[in-house]
Structure formats: C-alpha cells, structure tokens
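Chemist: Next come a sequence and a model predicted from it.
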Amino acid sequence: GGGRSKRARREAATSEGGEDDPENEDAAEPKRAPRKMKNMNKPWEDDTVDHWKEESWGQGDMPNPLLEESSFAVLFPAYREKYLRNVWPQVTSA
C-alpha cells in the first residue's frame with residue numbers, strides 16, 4: 001500500500017521519530033514466526049543410518065505374494081481397437 005516500498009516506509013518511520021516512538025508502532029514490520037517444518041528433525045538426514053546397505057532376504061521373510069491378480073477392461077476408440085485386434089497375436093507371441 002500507498003505506492004511506497006517497504007524500505008521507503010521503514011526509512012520514513014525511522015526518520016519521523018524511530019521505531020521506539022509510540023506513535024509509529026504500526027510502521028514497524030511484524031516479526032515473522034519461525035518456520036516449524038524447517039527446524040524439524042529429518043530421519044533421512046541421520047548419519048548413523050547406511051541408506052545404501054542392502055537388506056538380506058530369507059525364505060520366510062515374505063509369506064504373502066506382492067501382487068494380486070486383477071482384471072480390468074479398457075475401452076479403445078474403434079479405429080484403435082481394429083489395429084489392436086490385428087497386432088495382438090504378435091504382441092502375445094513376443
């Protein structure tokens with residue numbers, strides 16, 4: 001506001017009596033709260049963890065399979081469906 005930059009408003013406030021002047025309390029910039037996320041501990045920056053170490057896998061470590069079989073249908077445009085029907089035997093034989 002007012003067409004002046006923050007620096008110009010700050011300089012005007014200090015030249016008119018300084019920031020200690022009770023009349024110019026509103027002219028001082030409000031203090032910004034410290035950023036909470038910036039100062040949080042980040043577990044990935046822990047120097048005691050070797051992130052490149054490969055864990056060993058045993059026979060009983062994974063009792064269930066990773067994937068489940070699913071089915072779904074995709075609708076293709078008519079011109080694309082004709083093409084796919086023609087080339088599908090080549091795709092599945094590869």
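Modeler: Yep, that arrived.

Chemist: Any regions of this protein where pLDDT drops low?
Modeler: 1-4, 13-29 (pLDDT under 70).

Chemist: tell me the contacts of residue 61?
Modeler: If you count contacts by CB atoms under 8 Å, 6 or more residues apart in numbering, residue 61 has none. (C-beta placed from N, C-alpha, C; glycine too.)

Chemist: quick one: which helix or strand includes it?
Modeler: Using DSSP states H and E, residue 61 sits within no helix or strand.

Chemist: Kindly export the helix or strand containing residue 85 (C-alpha atoms) in CSV.
Modeler: In this structure, residue 85 sits in helix 78-93 according to DSSP H and E. C-alpha atoms of helix 78-93 as CSV (Å, rounded to 0.1, in the frame of the first residue of the first chain):
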residue,chain,number,x,y,z
ALA,A,78,-13.0,-48.1,-32.8
TYR,A,79,-10.0,-47.4,-35.1
ARG,A,80,-7.5,-48.3,-32.4
GLU,A,81,-9.4,-51.5,-31.4
LYS,A,82,-9.3,-52.7,-35.0
TYR,A,83,-5.5,-52.2,-35.1
LEU,A,84,-5.0,-53.9,-31.7
ARG,A,85,-7.0,-56.9,-32.8
ASN,A,86,-4.8,-57.3,-35.8
VAL,A,87,-1.4,-57.0,-33.9
TRP,A,88,-2.4,-58.7,-30.7
PRO,A,89,-1.2,-62.2,-31.7
GLN,A,90,2.3,-60.7,-32.5
VAL,A,91,2.4,-58.9,-29.2
THR,A,92,1.5,-62.0,-27.1
SER,A,93,3.9,-64.2,-29.0
